[in-house]
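Undergrad: sequence-free structure coming up:
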DNA sequence: AGCTGCTCCTGGTCGC
DNA sequence: TGCGACCAGGAGCAGC
């Protein structure tokens, strides 16, 4: 479910709900969510206090006392909720952090794809996924020259290349389609054939689009809500995702949906032209 | 090294 | 109404 703007919104909400709360005990109801031994996971967390919630790409980094960090990835449908401990535990609740004040942080995940790992703070770069994660999509971290160099290594289509978190962190299926439409680049164009001008435009649109989506508190298509259960607002700003059959806002031609690398992909067949595919007028 | 296909899960929707 | 096929915002892994 969540891409970078949604994870960032969850992070901001959680800060207000759990900082300075101390864990009394932890209940793991679906062991596969935890990387490693879940008995050790629960034991190590007893008595720990949440000091900060950071984020890197789509990963949440819960900073605890005693130099521990809980790395959490929500994957498709993961959600956090803070509730009274007495509140009924719902069907898809898989991990419960009970606090000493009578409240609890609960992790919900319909499809059970999310993962958590408890590590020593400072060893984040040894965790799979974080090890090779690309730059944050911000002007400070995301350099166009570096982006160009990474794109040159990939002959495959630009769409799945943007979904590769090692190229740039944070894009998922929705924002990948959106930034390609904004940049007027066809999703099937091989990544290593983008012109310098295309790379520059794409780079700038990635930063701008994710910034705007964070300001709108993310995009809610199916099930995403933040830590307070609130939906995002950015779905109102989507130009192609989920709009197959509707006219392109720029040119009026009907938006199409195709499969690219097994993922649903939305684009405008008039604005987003594959180089070399133009039908000659002979 | 890079790419494709498969896998982890549940639930909603669509066609018959 | 029931049933099967297919779809869904992600990413790790095997195998080529």
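TA: Structure received. These numbers were taken from a predicted model, which means no experiment stands behind them.
Undergrad: how is chain A carved up into domains?
TA: Domain assignment for chain A by automatic domain parsing gives A:4-126, A:144-267.
Undergrad: so the shortest one, near DNA strand C or not?
TA: In other words, domain A:4-126. Yes. Interface with DNA strand C: domain A:4-126 contributes A:6, A:57, A:58, A:73, A:75, A:76, A:111, A:113 (Cβ under 7 Å from any atom of the strand). Backbone N, C-alpha and C define where each C-beta goes, glycine included.
Undergrad: and that domain, end to end?
TA: 21 Å (Cα to Cα, to the nearest Å).
Undergrad: near DNA strand B, which residues of chain A show up?
TA: Residues of chain A lying near DNA strand B (Cβ under 7 Å from any atom of the strand): A:32, A:91-92, A:110-113, A:153-156, A:160-161, A:191, A:261-262.
Undergrad: and these, which is closest to residue A:274?
TA: residue A:191 (13.0 Å; Cβ to Cβ).
Undergrad: wait, that closest one sits on residue A:157?
TA: Yes. Taking Cβ atoms under 8 Å as the definition, residue A:191 is a contact partner of residue A:157 at 7.0 Å.
Undergrad: okay, those two: which has more neighbours?
TA: residue A:191 (21 against 18; other Cβ atoms under 10 Å).
Undergrad: so how far is residue A:180 from that one?
TA: According to Cβ to Cβ, to the nearest Å, residue A:191 stands 11 Å off from residue A:180.
Undergrad: pull up the overlap in contacts between those two.
TA: Common contact partners of residue A:191 and residue A:180 (Cβ atoms under 8 Å, 6 or more residues apart in numbering): residue A:158.
Undergrad: of the residues of chain A next to DNA strand B, which is the most crowded?
TA: residue A:161 leads the residues of chain A next to DNA strand B on contacts (other Cβ under 10 Å) with 25 neighbours.
Undergrad: looks like that residue contacts residue A:153 (just checking).
TA: No. The criterion here is Cβ under 8 Å, and residue A:161 misses it with residue A:153 at 9.1 Å.
Undergrad: tell me where the stretch 101-250 of chain A has strands.
TA: Counting by DSSP state E, counting those that start in this stretch, one finds strands in the stretch 101-250 of chain A at the ranges A:103-109, A:115-120.
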